[in-house]
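Undergrad: Sequence below, structure please.
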Amino acid sequence: MARLYTAEATAYGPRTGAVISSDDRLDLELSRPVEMGGEGGDGTNPEQLFAAGYAACFHSAMRHAVADQRLGPESLTGAHVTARVHFDKAGPREFDLAVDLLVHLPRIPREQAEAVVEATHQICPYSRATRGNVAVSLQVV
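TA: Below you'll find the model as predicted:
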């Protein structure tokens, strides 16, 4: 395996701290959502960051899936991926994540779009990393 890139970020403080990337391109305040007993401040949270990363990675991986299915890159025109990351309580001190991926592929017929989404789920590094650990629901919308 050839390592192509390494991202590095450091968190300071708890869910109400900050996160900063080593190249300073990411410098964000963190806030705890009201639903999780927080103040609901102006900052982001780890679940939003995970949702953004997963949606972007999945969308990027679709270019390989459409090529494998002999569709041109124009088939992704107008496409978008929404990731909903759920923070679930499994026990007194046990928490789990679950993800819904909603994929909009307006230029691909539904049956073929579903095949593209399934193929992308096999390719996407986030999907591969979460497989067996995080419940992921795939939906063509």
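Undergrad: Mind listing what's buried along stretch 58-73?
TA: Using 16 or more other C-beta atoms under 10 Å as the test for burial, stretch 58-73 gives 58-59, 61-63, 65-66, 71. Using the backbone N, CA and C atoms, a C-beta is placed for each residue, glycine as well.
Undergrad: cool, and stretch 112-126?
TA: Those would be 113-117, 119-121, 123-124, 126, for stretch 112-126 by 16+ other C-beta under 10 Å.
Undergrad: Same list, these, but as CSV with secondary structure, pLDDT and distance to residue 7 please.
TA: Output for those, formatted as CSV (DSSP: H, G, I helix; E, B strand; the rest coil; pLDDT from 0 to 100; distance: C-beta to C-beta, whole Å):
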residue, secondary structure, pLDDT, distance to residue 7
113, helix, 98, 30
114, helix, 98, 31
115, helix, 98, 31
116, helix, 98, 27
117, helix, 98, 25
119, helix, 98, 25
120, helix, 98, 21
121, helix, 98, 22
123, helix, 98, 19
124, coil, 98, 16
126, helix, 98, 13
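Undergrad: between these, which is closest to residue 1?
TA: Ranked by distance to residue 1 (C-beta to C-beta), the buried residues of stretch 112-126 are led by residue 123 at 15.6 Å.
Undergrad: Nice, that's everything, thank you.
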